[in-house]
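Trainee: Sequence and predicted structure, then a few things I'm wondering about:
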Number of protein chains: 6
Amino acid sequence: MAKRSSKATRPAQKPRASAAAGDDITITALNLPPAPLSPDMAAYFAKCEEKLGFVPNVLEAYAFDGAKLSAFVAMYNDLMLAPSGLSKLEREMIAVAVSAQNRCYYCLVAHGAAVRQLSGDPPLGELMAMNYRAARLSRRERAMLDFAVKLTAEPWLVEEPDREGLRRAGFSDRDIWDIATVAGFFNMSNRVASATDMRPNSVYHRQGR
Amino acid sequence: MAKRSSKATRPAQKPRASAAAGDDITITALNLPPAPLSPDMAAYFAKCEEKLGFVPNVLEAYAFDGAKLSAFVAMYNDLMLAPSGLSKLEREMIAVAVSAQNRCYYCLVAHGAAVRQLSGDPPLGELMAMNYRAARLSRRERAMLDFAVKLTAEPWLVEEPDREGLRRAGFSDRDIWDIATVAGFFNMSNRVASATDMRPNSVYHRQGR
Amino acid sequence: MAKRSSKATRPAQKPRASAAAGDDITITALNLPPAPLSPDMAAYFAKCEEKLGFVPNVLEAYAFDGAKLSAFVAMYNDLMLAPSGLSKLEREMIAVAVSAQNRCYYCLVAHGAAVRQLSGDPPLGELMAMNYRAARLSRRERAMLDFAVKLTAEPWLVEEPDREGLRRAGFSDRDIWDIATVAGFFNMSNRVASATDMRPNSVYHRQGR
Amino acid sequence: MAKRSSKATRPAQKPRASAAAGDDITITALNLPPAPLSPDMAAYFAKCEEKLGFVPNVLEAYAFDGAKLSAFVAMYNDLMLAPSGLSKLEREMIAVAVSAQNRCYYCLVAHGAAVRQLSGDPPLGELMAMNYRAARLSRRERAMLDFAVKLTAEPWLVEEPDREGLRRAGFSDRDIWDIATVAGFFNMSNRVASATDMRPNSVYHRQGR
Amino acid sequence: MAKRSSKATRPAQKPRASAAAGDDITITALNLPPAPLSPDMAAYFAKCEEKLGFVPNVLEAYAFDGAKLSAFVAMYNDLMLAPSGLSKLEREMIAVAVSAQNRCYYCLVAHGAAVRQLSGDPPLGELMAMNYRAARLSRRERAMLDFAVKLTAEPWLVEEPDREGLRRAGFSDRDIWDIATVAGFFNMSNRVASATDMRPNSVYHRQGR
Amino acid sequence: MAKRSSKATRPAQKPRASAAAGDDITITALNLPPAPLSPDMAAYFAKCEEKLGFVPNVLEAYAFDGAKLSAFVAMYNDLMLAPSGLSKLEREMIAVAVSAQNRCYYCLVAHGAAVRQLSGDPPLGELMAMNYRAARLSRRERAMLDFAVKLTAEPWLVEEPDREGLRRAGFSDRDIWDIATVAGFFNMSNRVASATDMRPNSVYHRQGR
């Protein structure tokens, strides 16, 4: 068998500190040199290092431009971490099921790890990434993911009966907004990651196994 | 022929002031009462009224929650209005071609109007909404839209040759980022609009004809 | 932004009189010189000029061959104008919803204008062209368009329950024939237009706004 | 195995004379009583009986309305029988390859028989109905069918390079028109047949074997 | 029309005895010389000659390797001929409906002949190959084919309600296994045939007409 | 969040010894009691226990019928373990890439583990399961997987140029046969697993991380 090489042949985005031993140091296929971080963003990156042990590569990718980085962080944190009728695990399950529909390597690796960690159920992370329909889900979870994946695959077919299905499964109109915007956000991120060949931090592979 | 009715039968989002005569006053199918605007956002809405003559319904839809509204506005304005190697018209052309792939009524109406106005070429707005391949485009425009629409329809197939195609058409790596993020953003917005049955301000229909 | 040009570079079909100021004078990408019109067809073209103010480009495209032109006109007029249980507006709504599925620029422009004019409801024309599911339709209209669009996208899946759905919505068997043949006709015309790069008369863009 | 029944349970179109022994006497699922034939059409039906030994069911299906029958016959005969740069066999090959894409039982049976008879090559009829790509075709035939099938499956993707491919394979612009209109016509007929559950005359099954 | 040639231009699999007059002697596009048959397989080939009058080309194709040939024959004979709650005709109907979804020329010809012969109903073979939904089927047959074709086209969507549908139509869990494995087997064989351009024995075309 | 339950509510296939602590003891959704193993198969199961530490659930699933089990084992072992121009890792890479296209949970888990173990490269297993196009592959590997996945998704489009592509990447005709049959085999197994809701042994999740 011929040799596989993880070396990209052209200049490309790299993390500002290539510290993580054994990590693939290419972040995206685009040559976008990092800009100095604003104090806010420097503090945020430091907090990531402290809490996660690393800065997620998607942040390094956006770090070539302060305004774009700030806007991305603000929207991400509001959607995934702010109070919501959806638990953090539920939001991560949506992230992975949507990313599976779009076959996005970066998001499946990063958010698959989150599902494994938040649920304490490693196979659940695999199920979300492989085929959420094969998982043993509550009616609420299934309705939520069916909506998110239909919205991903065929958004033009989503209509009032789909919203009614969510309401019957116990979701409020505010919850429906949150399902829609989390699913929408990963439809954006999946495409940014695929368009730029974004590579996940290798540490994700070992998390929550 | 039976009668069509624009009246929705359940409580739903409405603009804070239903001023625009003749306008359909439902904004989305979700019942999310508007929250008081922050001073920043109140100033931004006032600026919309002054410059456009109205507040786009997407902003009214997000206005039930200040943090979500701010994050959306920050990202939108950075992507569509900040300096970029892409002209504003080019960014709007991406918006419409992506929205056509996703058959999103709200975004096709709102951004189709923008293409007509920015280009001074009304049929160009129709072409973006109907089939961009039928338009007489420059090589640069065609490469840009082919990339954005492939990224929309089959993001998992986007690879280095697609990026090379953009570089050969004259785009820098920074431009490629902008094409990817604008296309990504409308993949998000199309889904939020479809999930909530968002309705465009009726004034768009008459703009730039 | 590079310059767009509406000039085609090879000989192509042009109208016999390039009268309409500002109009793109290319009709199709094929080089098929117009034949002399038969007295019947000459009278029909004159009637178009008188009633519409122009000859639709699809007729100019067929005019290279008298027998083909006559056969097309006879079938078109029977389907779209002869007495039927379907109103003329309903038939035009089918035309546009089918053409949207097939993303046919010519037919969306020409028949979108007809929907706007016959309904007096400009947004209805946009809705048919963008996503008919987002329109506020009567049950009858929705059943009719669901049938026509399914027949367009996946004709092999149409079965007795689909016909029963039309009957329950109040359509007779004769009406079902008319829905099927109007939908069928635009599946033909969409393909002739796409295969030949047929361009609509520019006057359509301004009609019924 | 449970019993299959060829008896439809509701009134449906039947031929005016149910003469052909052993034939399924239902023509379509619609209840549309035949109208008296005009002298022209009566002569045409008589000619069918004389030359083919039967009246094709599609004609019986249209015979509930004289104007529709005449328009269909005029267009069909011009496309399939009038002088053209395409041989009659080539036009029938297009008919079958298009009908295979649309999985139309009526047209596959009726025109598959025509390919077998005109070519004297029974497997060729099967190949057109099953997968034309598996047939040993001339470059000309392959280009013609690739164009017709792309136009059937994804008409919005047909562009100048597709037409250029036909020209390189030796087709004139007039030939391109004929390929497009024959393919378009069967996209219409396939849908009328599927919408109405049209059944082919059983005699076709034995022809040209 | 240019000439079609059935002559392949490169070395390819041929039957060990090119006896059948008029037959296309190429079996696949791969150059895999036949190996000597084991006594078991020699006896099996002799039995085919005796009972069918020929050795099916799929067996000749596998005959370059004794272990592969034996494994294929063992699985095929168990699935298609061993005792089962499914009749042999039902198993052949699944074979053809699956092969139609995959547009596999080899399997449609070989197993279409089997359906015609086992049912004594030639049009039934055509219906399975063209569009099984157009056939007049028992509820049991329809449920069986709907399951097999969904499993073929979108296996990831098959879930408990699909199995329940089979049970309601009278199938046991053992029958469900048999439907699944017959459908699965032809999903394998269709791909081996398409990957290698396998050609059916010409005698199939005339069987059961 | 509502509670997920791994308990199936109806009788279903279970392993003959539910020894593995913490394992989900349901194997498929079908109620097919295990049959006594033949001496050969009993020895094979013992060898699995000895070498792998467990009997793969797919074998338990087939164990209700001795002939079916033997045929499956013979074909599987020939394809995946017998001498071939393809390495065992290459065959497992095909297994996973095909199973990803079909979104088969059982095969992705079981064969993803094999890719991780045989390659010593855990992310490679994830890449095969998520999007093989994102992996850094040799030209040979990429050609092999492109062929296998095209053959899976659209087998009717595979033609001589696809085989030529494999030959140019260094594969012999015998190798092409092996690629085709391994890809074909997993198209079968994926469907049997999906049709029966087959569940992988939980031990796979931890292998090769």
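Mentor: Great, that's in hand. Since the structure is predicted, the reported quantities are computational estimates derived from the model, not experimental observations.

Trainee: interface residues of chain A facing chain F?
Mentor: Neighbours of chain F within chain A, by Cβ under 8 Å from any Cβ of the partner chain: A:1-7, A:87, A:89-90, A:100, A:103-105, A:108-109, A:121-124, A:126-127, A:129-131, A:134-141, A:197, A:202, A:205-206, A:209. From N, CA and C alone the C-beta is placed, and that goes for glycine too.

Trainee: Show the buried residues in those residues.
Mentor: Using 16 or more other Cβ atoms under 10 Å in any protein chain shown as the burial test, the residues of chain A next to chain F include A:89-90, A:100, A:103-105, A:108-109, A:121-124, A:126-127, A:129-131, A:134-137, A:140-141, A:197, A:202, A:205 as buried.

Trainee: ok, and of these, which contact chain E?
Mentor: Near chain E, judged by Cβ under 8 Å from any Cβ, the entries from these are residue A:131.

Trainee: ok, the spatially closest residue to residue A:84 that is not a sequence neighbour to chain D distance?
Mentor: Residue nearest to residue A:84 in three dimensions, not counting chain neighbours: residue A:178, with 4.9 Å by Cβ to Cβ, 6 or more residues apart in numbering or on different chains. Residue A:178 sits 35 Å away from chain D, going by Cβ to the nearest Cβ, to the nearest Å.

Trainee: mind checking how far residue A:178 is from residue F:132?
Mentor: According to Cβ to Cβ, to the nearest Å, residue A:178 and residue F:132 sit 33 Å apart.

Trainee: Between those two, tell me which one has more neighbours.
Mentor: Neighbour totals were compared for residue A:178 and residue F:132, and residue F:132 leads with 27 against 23 (other Cβ atoms under 10 Å in any protein chain shown).

Trainee: Name the nearest residue to the more buried one, sequence neighbours excluded.
Mentor: residue F:97 (4.6 Å).

Trainee: isn't residue A:55 right up against residue A:47?
Mentor: No. Using Cβ atoms under 8 Å, residue A:55 is not in contact with residue A:47; the gap is 9.7 Å.

Trainee: of those two, who's got more company?
Mentor: Shown here are residue A:55 and residue A:47; by other Cβ under 10 Å, residue A:55 has more neighbours (21 against 11).

Trainee: Let me see the contact set for that one.
Mentor: Counting by Cβ atoms under 8 Å, 6 or more residues apart in numbering or on different chains, residue A:55 touches A:15, A:45, A:48, A:49.

Trainee: Of all the residues in chain A, which one is nearest chain D?
Mentor: Residue of chain A nearest chain D, by Cβ to the nearest Cβ: residue A:156 (15.2 Å).

Trainee: residues of stretch A:156-164 that come out buried?
Mentor: Using 16+ other Cβ under 10 Å as the test for burial, stretch A:156-164 gives A:156, A:158, A:162, A:163.

Trainee: Filter those to keep only those in contact with chain E.
Mentor: Among the buried residues of stretch A:156-164, no residue lies close to chain E (Cβ under 8 Å from any Cβ).

Trainee: State the pLDDT value of residue A:17.
Mentor: Looking at residue A:17, its pLDDT reads 58.

Trainee: what ranges do the helices span in chain A?
Mentor: With DSSP state H as the definition, chain A shows helices at residue ranges A:39-52, A:57-62, A:66-81, A:88-101, A:105-119, A:122-130, A:139-153, A:160-168, A:173-196.

Trainee: of these, which approaches residue E:59 most closely?
Mentor: Residue E:59 sits nearest to helix A:122-130 of all those, at 36.4 Å, using Cβ to Cβ.

Trainee: Which elements pack onto the closest one?
Mentor: helix A:88-101, helix A:105-119, helix F:105-119, helix F:122-130 (3 or more Cβ pairs under 8 Å, 6 or more residues apart in numbering or on different chains; DSSP states H and E).
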